[in-house]
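>>> A structural model of the following input is requested.
(chains A and B)
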Amino acid sequence: DTGVSQDPRHKITKRGQNVTFRCDPISEHNRLYWYRQTLGQGPEFLTYFQNEAQLEKSRLLSDRFSAERPKGSFSTLEIQRTEQGDSAMYLCASSETDRDEKLFFGSGTQLSVL
Amino acid sequence: RKEVEQDPGPFNVPEGATVAFNCTYSNSASQSFFWYRQDCRKEPKLLMSVYSSGNEDGRFTAQLNRASQYISLLIRDSKLSDSATYLCVVKSGGSYIPTFGRGTSLIVHP
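Numbering: from 1, shown residues only, chains lettered A, B, ... in the order given. Sure thing, here's the model as predicted:
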């Protein structure tokens, strides 16, 4: 399967714990996005990488959130000291170049903070 | 005002009906427009891009009205399998970030 893959599919954690999610984009895609989606809402932008450079980060993203893409391939999103409001679906998407703006999404990681 | 606005619906239509959704955007510098489809508990998938001249793909027609800052999606001869949430996506020139609307829910019933 050469699509975008995310791991884990589901994560249940207790409030205050740290969690880390992984995204493997389509191999030739140099652009990678993280979005968050809650029920009844559209995906909300979190952060964007072009190769290994993090070029944009949402103002809504608190300093408990950090993302990396160390070699311009896979990316990780870490949430520290999770809160119940962090419960959401975390979606990763990749695209090839600026000319081809289609986003290809992974299946997402569903986070539940108890 | 939200950057991209959609009526959440649901739009409840019988099979065979024609249904249309609109989406308004606030940034007049927006340059790229898309419709994505999202099935329940699945990831969004690109349905179609929206070009200035409008475009059609089978039963689906997308149009752009820059003067009034909205895009539309028309679905003809609705099928049960068209039931999904339709997400409007807008990207401004000079921005890397596609912005999603909240989506419009479509339910096609027999």
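
>>> I'd like the distance between the most far-flung residue of chain B relative to its centre and chain A.
Ranking residues of chain B by C-alpha distance from their mean position (C-alpha atoms, centre = their mean) puts residue B:110 at the top, at 22.9 Å. For residue B:110, the distance to chain A (C-beta to the nearest C-beta, to the nearest Å) stands at 25 Å. Glycine gets a C-beta too; all of them are placed from N, C-alpha and C.

>>> Residue B:42: what's its closest spatial neighbour, skipping adjacent residues?
Spatially, and ignoring its direct neighbours in sequence, residue B:42 is nearest to residue A:107 (7.4 Å; C-beta to C-beta, 6 or more residues apart in numbering or on different chains).

>>> what's near enough to touch the one you found?
Taking C-beta atoms under 8 Å, 6 or more residues apart in numbering or on different chains, we find residue A:107 in contact with A:5-6, A:9, B:42-43.

>>> Take those and lay them out in JSON lines including pLDDT.
Below are these laid out as JSON lines (pLDDT from 0 to 100):
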{"residue": "A:5", "pLDDT": "97"}
{"residue": "A:6", "pLDDT": "98"}
{"residue": "A:9", "pLDDT": "97"}
{"residue": "B:42", "pLDDT": "95"}
{"residue": "B:43", "pLDDT": "96"}
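
>>> out of these, which are buried?
Buried by 16 or more other C-beta atoms under 10 Å in any protein chain shown: A:5-6, B:43, out of those.

>>> Output the residues you listed in a markdown table; the columns should cover secondary structure and distance to residue A:52.
Putting the buried ones among the contacts of residue A:107 into a markdown table (DSSP: H, G, I helix; E, B strand; the rest coil; distance: C-beta to C-beta, whole Å) gives the following:
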| residue | secondary structure | distance to residue A:52 |
| --- | --- | --- |
| A:5 | strand | 19 |
| A:6 | strand | 19 |
| B:43 | coil | 24 |
